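In: Using only what follows, build the 3D model:
(one chain, ligands or ions: 2)
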Amino acid sequence: MKERYSLPNIIGESEKFQSVLKAVMKVAGTDTTVLLLGESGTGKELIARTLHYQSHRAKGPYVAVNCAALPDNLLEVELFGVEKGAFTGATTSRTGRFELAGRGSIFLDEIGEIPLGLQAKLLRVLQERTFERVGSSRSIKADVRVISATNKNLLEEVKQGNFREDLYWRLNVVPIVLPSLRERKRDVPLLLNYYLDKFNKTYNKRVRISGDALSIFSEYSWPGNVRELANTVERLVIMTEKDMIAPEDLPFNLASADTRISTKKNSCFYEEHTLGHEVQNLERERIIRALMEHNYIQHRAARALGITPRQLGYRIKKYGIELQNLK
Ligand SMILES: Nc1ncnc2c1ncn2[C@@H]1O[C@H](COP(=O)(O)OP(=O)(O)O)[C@@H](O)[C@H]1O
Ligand SMILES: [Mg+2]
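Out: Numbers count the residues shown, from 1 in each chain. Ligands and ions are numbered 1, 2, ... in the order given. Next up is the predicted model:
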C-alpha cells in the first residue's frame with residue numbers, strides 16, 4: 001500500500017500541483033486534521049490515502065467513509081457503532097468506523113453532506129477525542145487522524161445554515177486545495193502517458209496517441225478532471241483496434257469541439273461559435289458539474305439546476321453525456 005500511494009504514482013509537475021504535494025509532505029508527519037477541497041475527480045481521495053500511508057500511522061488502518069452514501073440514521077451507526085438493543089432492529093452490537101480506525105486515519109469523504117444532527121457529535125470527537133456508540137454511555141477514545149474532503153464550498157454552507165461554523169474551523173485546520181485539471185493543463189500530457197502505460201500493461205496492448213489527438217486532449221476542459229481522463233484513456237485502450245489513436249477515435253465528448261476551452265479552429269470537429277452554441281456548451285458543462293457534485297443522483301442534480309429529472313434526462317441524452325466516463 002505504501003508503495004502504491006507513494007509520490008511516484010501521483011502525477012503532476014505544474015506549479016499548482018507541486019505546491020499541493022509539498023503541503024502533503026509537510027503535514028503527513030503530523031497528526032493535524034486536514035480538509036481536502038476541490039472538484040470531483042481532482043484526486044482528493046488519492047491524496048487522503050497518501051497522507052495516511054506517508055504518516056507514522058501508516059501501519060494502522062485507513063478507514064474511508066462516504067458521508068453522502070448513507071441515510072442520516074445509518075451514518076451515525078456507521079461512524080460511531082451501536083450497542084445491541086439501542087433501537088428496534090439493533091440486534092447485535094457493531095463497531096463504528098471511528099473505532100475501526102484506531103491508531104490509524106479516518107477519511108470522511110463528502111463531509112459537506114453530513115446532517116446537522118451528526119455534526120455536533122463529530123465536533124465532540126474532534127474537540128475531546130471521545131465518543132459513544134449509539135445506545136451506550138461508555139466513552140471510547142478516538143485515537144485517529146481525521147482527514148475530510150468536499151467538493152462543496154463549505155463556507156457557503158455555513159452561511160446557509162447547513163454546516164456548523166465551529167465544526168468547519170475544527171476540520172479546516174490545514175486546508176489543501178486540489179486544482180482542477182483546467183488549472184493545470186500542462187499536466188494533461190503527463191497524465192495521459194501515465195494512464196496509457198498503465199492500461200496498456202493491464203490490457204496487454206500497445207496503444208499510442210497521435211499528436212493531433214493529444215492536442216484535443218490538452219484543449220478539452222475536463223469537467224470530470226483526472227477521473228474523466230483516466231476513464232477515457234481506459235476505454236480508448238480497450239476499444240481501439242489500431243495502435244495509434246487519431247482524433248476521429250476520440251469519444252464524442254472530447255472530439256466535439258463544444259467542450260474545448262480553446263477556440264482554435266484546427267479540427268474537423270470544430271463548429272462555428274454562434275451564441276446558441278456557446279449557450280449549449282455552458283448548459284452541458286453546468287449539467288456535468290451538477291451531476292458530479294451530487295454523486296450522479298439525477299433527481300438531486302436536477303433540483304440543484306432548477307429543472308425536472310425528466311428535463312435533465314433529456315439533456316443528458318441530447319449532449320451525449322456519458323455518465324460512466326465521469327464516475
Ligand atoms: N495526480 C494524479 N495522478 C494520478 N492519478 C490521479 C491523480 N489525481 C487523481 N488521480 C486518479 O483520478 C481518479 C479520481 O481521483 P479521486 O482521488 O477519487 O478524486 P476525488 O476524490 O477528488 O473525486 C482516481 O482513479 C485517482 O487515482
Ligand atoms: Mg472522491
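In: all contacts plus neighbour counts: C-alpha atoms, from now on.
Out: Fine.
In: Surely L190 touches S14?
Out: No - here L190 lies out of contact with S14, judged by C-alpha atoms under 8 Å, at a distance of 10.2 Å.
In: got the buried residues for the longest helix along the chain?
Out: The residue-count maximum for a helix in the chain (DSSP state H) belongs to helix 275-293. With burial defined by 16 or more other C-alpha atoms under 10 Å, the residues of helix 275-293 counted as buried are N281, R284, E285, I287, I288, R289, A290, L291, M292, E293.
In: Now do whichever residue of the stretch 151-300 of the chain sits closest to ligand 1 against L323, distance only.
Out: Residue of the stretch 151-300 of the chain nearest ligand 1, by C-alpha to the nearest ligand atom: R227 (3.9 Å). Distance of R227 to L323, given as C-alpha to C-alpha, to the nearest Å: 12 Å.
In: Looking at those two, which is more packed in?
Out: Set side by side, R227 and L323 show more neighbours around R227, with 17 against 13, by other C-alpha atoms under 10 Å.
In: which non-adjacent residue is nearest the more buried one?
Out: G41 (4.7 Å; C-alpha to C-alpha, 6 or more residues apart in numbering).
In: Ok, R129 next?
Out: A142 (5.0 Å).
In: Same question for Y194.
Out: Closest to Y194 by C-alpha to C-alpha, 6+ apart is I11, at 7.8 Å.
In: Now do the host helix or strand of L108, average pLDDT.
Out: Element membership for L108 (DSSP states H and E) is strand 105-109. In this model, strand 105-109 has a mean pLDDT of 98.
In: ok, now stretch 214-224?
Out: On average, stretch 214-224 scores 89.
In: what's the straight distance from one end of it to the other?
Out: 18 Å.
In: Whether it contacts ligand 1 - can you check?
Out: No - figure legend: stretch 214-224 not in contact with ligand 1 (C-alpha under 6 Å from any ligand atom); closest approach 8.5 Å.
In: gap between that stretch and the chain center?
Out: 18 Å (C-alpha atoms, centre = their mean, to the nearest Å).
In: cool, stretch 13-27 as well?
Out: With C-alpha atoms, centre = their mean as the basis, the mean position of stretch 13-27 lies at 18 Å from the chain mean.
In: C-alpha coordinates for that stretch, PDB please?
Out: Taking C-alpha atoms only, stretch 13-27 is exported to PDB below (Å, rounded to 0.1, in the frame of the first residue of the first chain):
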ATOM      1  CA  GLU A  13       4.600  18.800 -12.400                       C
ATOM      2  CA  SER A  14       2.700  22.000 -12.700                       C
ATOM      3  CA  GLU A  15       3.400  24.600 -10.000                       C
ATOM      4  CA  LYS A  16      -0.100  24.400  -8.600                       C
ATOM      5  CA  PHE A  17       0.100  20.700  -8.200                       C
ATOM      6  CA  GLN A  18       3.600  20.700  -6.800                       C
ATOM      7  CA  SER A  19       2.600  23.000  -4.100                       C
ATOM      8  CA  VAL A  20      -0.200  20.600  -3.100                       C
ATOM      9  CA  LEU A  21       2.400  17.800  -2.800                       C
ATOM     10  CA  LYS A  22       4.700  20.000  -0.800                       C
ATOM     11  CA  ALA A  23       1.800  20.700   1.600                       C
ATOM     12  CA  VAL A  24       1.000  17.000   1.800                       C
ATOM     13  CA  MET A  25       4.600  16.100   2.700                       C
ATOM     14  CA  LYS A  26       4.700  18.800   5.300                       C
ATOM     15  CA  VAL A  27       1.600  17.600   7.200                       C
END
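In: So which elements touch the longest helix of the chain?
Out: If contacts are counted by 3 or more C-alpha pairs under 8 Å, 6 or more residues apart in numbering; DSSP states H and E, helix 275-293 sits against helix 298-305, helix 309-318.
In: CA atoms only for stretch 187-194, dumped as PDB, please.
Out: Taking C-alpha atoms only, stretch 187-194 is exported to PDB below (Å, rounded to 0.1, in the frame of the first residue of the first chain):
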ATOM      1  CA  ASP A 187      -0.100  18.100 -16.600                       C
ATOM      2  CA  VAL A 188      -2.600  16.600 -19.100                       C
ATOM      3  CA  PRO A 189       0.100  15.000 -21.400                       C
ATOM      4  CA  LEU A 190       1.900  13.600 -18.400                       C
ATOM      5  CA  LEU A 191      -1.400  12.100 -17.000                       C
ATOM      6  CA  LEU A 192      -2.300  10.800 -20.500                       C
ATOM      7  CA  ASN A 193       1.100   9.000 -20.800                       C
ATOM      8  CA  TYR A 194       0.800   7.600 -17.300                       C
END
